[in-house]
Structures are given as C-alpha cells and as structure tokens.
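>>> I'd like to go over a predicted model; first the sequence, then the structure.
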Amino acid sequence: MARILVAEDEHSLREFVERALIHNGHTVIAVRDGAEALHTLQEEDPFDLLLTDIVMPIMDGIALSLKVAKDFPDLRILLMTGYAAEQQRAYNLDDLIYDVIAKPFTLDEICQKVEDALSSEKSSLIPGSAKDIGLAAKKN
C-alpha cells in the first residue's frame, strides 16, 4: 500500500488517524507539527501522501503545503481542519493540494478521503513563484 506522513498536533487525533490508516494497510509515520513533517520528508524514504492539519504550532499546514509542493512536487497533499476560515484559506491552494477534509470526521470518512487522494492524478503544474515574470520581461 502507500507510505503516508501524518502531521497533526492533537495527540488523540494523530493516533486515531495513524491507527485507521495502518489498519487499512498503509505505512504511516505521524509527527506533531509542520517543521517535524518537513524534516521527516527530507530524511526518510519518499512518501505517497502528506496528510496535514492546517492549524499547528511552529509551521502550519499551509506553509508546509507550499514548501512541500515546491520541494516534493509529486507528493499528494490532503489537508484537514476544524476551522471554517482555515478551510477557506486552503482552497486558495487548489492547484497544490488534493482536498481539505473538515474535522470532526469519522473513521470511514478519513479512510475514504485518503484512498481518493491516493488514486487521483497528481497535477503536473509547476508551483507558483513570487517572481513577477511580466515585470521582468518589461525590464529586458
């Protein structure tokens, strides 16, 4: 099955998701925040999916997603959040992430969303840049 990295700061939810995905046959590494997730991605064998909370200490899921999309463009990203405002913020990342799942979710819901993300086509888009190509072209 798949190798999945779970980044979730809430201990009980992190364990719930980890157990559910292991029970479905996946290999799972679970970490407490985005910085730990980024370090794990850089040090471990490749992952098939990053499942991350949006609101976390040190590095939130949005910052993590932006960094992962740039450095690991083939990695699928699935976000989770319990905050409506954060869910709306994540939809600005439509080209970089698979989807956002709202908390609370059931065991079946998270497992199905993970399976959907794993079976989806990863977009071949190149992550955006802060460089303004239009202005750069005018200077030349």
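Nice, I can see it. Numbers count the residues shown, from 1 in each chain.
>>> State the distance from Pro73 to Val28.
22 Å (CB to CB, to the nearest Å). Any C-beta I mention is one placed from the backbone N, CA and C, and that applies to glycine too.
>>> which of those two has more neighbours?
Val28 (22 against 14; other CB atoms under 10 Å).
>>> Now do the SS call for the more buried one.
strand (DSSP: H, G, I helix; E, B strand; the rest coil).
>>> That one contacts Val6, doesn't it?
Yes. Between Val28 and Val6 there is a contact at 6.0 Å, judged by CB atoms under 8 Å.
>>> Mutual contacts of the two, please.
18, 21 (CB atoms under 8 Å, 6 or more residues apart in numbering).
>>> Could you list the paired strands of the host helix or strand of Thr52 along with their orientation?
Secondary-structure assignment from DSSP states H and E places Thr52 in strand 49-53. Looking at strand 49-53 with DSSP bridges, its partner strands are strand 3-7 (parallel), strand 76-81 (parallel).
>>> Skip ahead from that strand and say which helix or strand is next.
helix 61-71.
>>> Strand 3-7 and that following helix, what's the angle between them?
Going by axes from the mean of the first three to the mean of the last three CA atoms, to 10 degrees, helix 61-71 is angled at 140 degrees with respect to strand 3-7.
>>> Just the buried residues of helix 61-71, please?
Buried residues in helix 61-71, counted by 16 or more other CB atoms under 10 Å: 61-62, 64-69.
>>> From the chain's centroid, how far away is that helix?
8 Å (CA atoms, centre = their mean, to the nearest Å).
>>> Show me what the mean pLDDT comes to for that helix.
For helix 61-71, mean pLDDT rounds to 93.
>>> and what of stretch 32-39?
On average, stretch 32-39 scores 96.
>>> Need the contact partners of it.
Counting by CB under 8 Å, 6+ apart, residues outside stretch 32-39 touching it are 5, 7-9, 14, 31, 50, 52, 56-61, 63-64, 67-68.
>>> nearest to Leu107, of the buried residues of helix 61-71?
Nearest to Leu107 out of these is Gly61 (CB to CB; 21.0 Å).
>>> OK, contacts around that closest one?
7, 34, 52-55, 79-81, 90.
>>> With neighbour count and distance to Ala102 added, can I get those in a markdown table?
Below are the contacts of Gly61 laid out as a markdown table (neighbours: other CB atoms under 10 Å; distance: CB to CB, whole Å):
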| residue | neighbour count | distance to Ala102 |
| --- | --- | --- |
| Ala7 | 29 | 17 |
| Gly34 | 26 | 19 |
| Thr52 | 27 | 14 |
| Asp53 | 27 | 12 |
| Ile54 | 24 | 11 |
| Val55 | 15 | 13 |
| Leu79 | 27 | 10 |
| Met80 | 27 | 8 |
| Thr81 | 22 | 7 |
| Ala90 | 22 | 11 |
